[in-house]
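Asks: what's the 3D shape of this:
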Amino acid sequence: MEITSRKRLIVFSGSANPGLAREVANILGTELGGVERSVFANGEIYIRYTESVRGSDCFIIQSHTDPINFHIMEQLVMIDALKRASARRITAVVPFYGYARQDKKGRPREPITAKLMGDLLITAGADRIASVDLHTGQIQGFVDAPFDHLTAHPVFVEYLRSTAEGPLAVVSPDAGRVKLASRYARDLDAAVAFVHKHRRSDVRNEVAAHEVIGDVEGRHAVIVDDMIDTAGTVCAAAELLKQRGALSVRVVATHGVLSDPAVDRIKNAPITELVISNTLPVPDDASNLQNLTVLSIGSLLAGTINAIFTDASVSEIFKGENM
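Replies: Just a heads-up that it's a prediction; the model follows:
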């Protein structure tokens, strides 16, 4: 008997960001796989797939957004259901990777929860993980499975090239993002600067900006970061940049978490434009921000999923920038 195998791709969406998942499926020329989902009275999550997945290459797109622990658990349950239904390969596509900031011990008796996240995804049954602009690239090494680290860098650079005018200075909001700022400066032919800041160890999300290292006077400043949560870092940096003579301040960040009080801070800060991607849905209270621009990474995710499915190179999509 001779059997000719045929690969089949199915894209599923969690409940966190279905709009992005639908966009990715449309680009791939397919429809999202059917999922029956509900929540028991005590909060437990129920998942059942409405079609056979046996022998299929399955991709679950789920951003870890508010309520973050619910959406993480939902993705784990979805992965487990696929494994038990005999899916050939399961890829967890996580546009925003939860707990990524807890990637090392900064004080005694702290967890390294970013590694725990990877362990949970693999233990649930994921064969591969793909995420976008991790807080630190070292998270890839926490997982003993293929981990594709994607980047929204090409999307933002293309947008800035078409909209930015005059002399530019790409600014890192802290010393840890200087390498990222240098990549943007290289592609935009701009100067590089960074803000020296102090973060309190006893209080979350409180930052004080102290000084700008680099020349920003008479330039349009572009602050680049991986995420904006409560916006304390970027707003403090924007204030300082204006004091140091920047003509304008624009903020570019892949993940717009925008937890309270981010919207109020951004409204009151000297920020000309806030540019984020759609790795996360825009919170309701942020949708009326006049200076908010949301760019899509749908084509990047679709290209990555297609490359994984066809066993092609993911790095070629990003020209080696996805490190």
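Asks: Tell me the pLDDT of residue 90.
Replies: If you check residue 90, the pLDDT there is 98.
Asks: wait, isn't it in contact with residue 80?
Replies: No. If you go by C-beta atoms under 8 Å, residue 90 and residue 80 don't touch, sitting 9.6 Å apart. Every residue, glycine included, has its C-beta placed from N, CA and C.
Asks: what touches both of the two?
Replies: The contact sets of residue 90 and residue 80 overlap at residue 125 (C-beta atoms under 8 Å, 6 or more residues apart in numbering).
Asks: and the two? which has more neighbours close in?
Replies: Per other C-beta atoms under 10 Å, whichever of residue 90 and residue 80 has more neighbours is residue 90, with 24 against 16.
Asks: That one sits in which helix or strand?
Replies: Here residue 90 sits within strand 89-94, counting by DSSP states H and E.
Asks: Neighbouring strands - and their directions - for that strand?
Replies: Sheet pairing of strand 89-94 (DSSP bridges) gives strand 57-61 (parallel), strand 128-132 (parallel).
Asks: Mind listing residues that contact that strand?
Replies: Strand 89-94 is contacted from outside by 57-64, 75, 79, 82-83, 121, 125-131, 301, 304-305, 308, using C-beta under 8 Å, 6+ apart.
Asks: Flag every buried residue along the biggest helix by length in the chain.
Replies: Longest helix in the chain, counting residues (DSSP state H): helix 68-84. In terms of neighbour count (16 or more other C-beta atoms under 10 Å), helix 68-84 has its buried residues at 70-83.
Asks: Flag the helix or strand of the chain with the lowest per-element mean pLDDT.
Replies: strand 207-213 (a mean of 72; mean pLDDT, DSSP states H and E).
Asks: Show me how the protein divides into domains.
Replies: The chain breaks down by automatic domain parsing into domains covering 9-151+298-317, 153-295.
Asks: which SS class is residue 54?
Replies: Assigned by DSSP: H, G, I helix; E, B strand; the rest coil, the conformation of residue 54 is coil.
Asks: In contact with it, which residues?
Replies: 85-87.
Asks: out of those, who has the most neighbours?
Replies: Busiest of the contacts of residue 54 [other C-beta under 10 Å] is residue 87, holding 24 neighbours.
Asks: What strand or helix carries residue 122?
Replies: With DSSP H and E as criterion, residue 122 is part of helix 113-124.
Asks: got it, and residue 165?
Replies: Per DSSP H and E, there is no helix or strand for residue 165.
Asks: Around it, how many other residues sit close by?
Replies: 7.
Asks: Could you do residue 186 as well?
Replies: 12.
Asks: need the contact list for the residue nearest the centre of the chain.
Replies: Centroid check for the chain by C-alpha atoms, centre = their mean gives residue 96 as the closest residue, at 3.7 Å. Residue 96 sits next to 63-65, 131-132, 227, 255, 257, 279-280 when contact means C-beta under 8 Å, 6+ apart.
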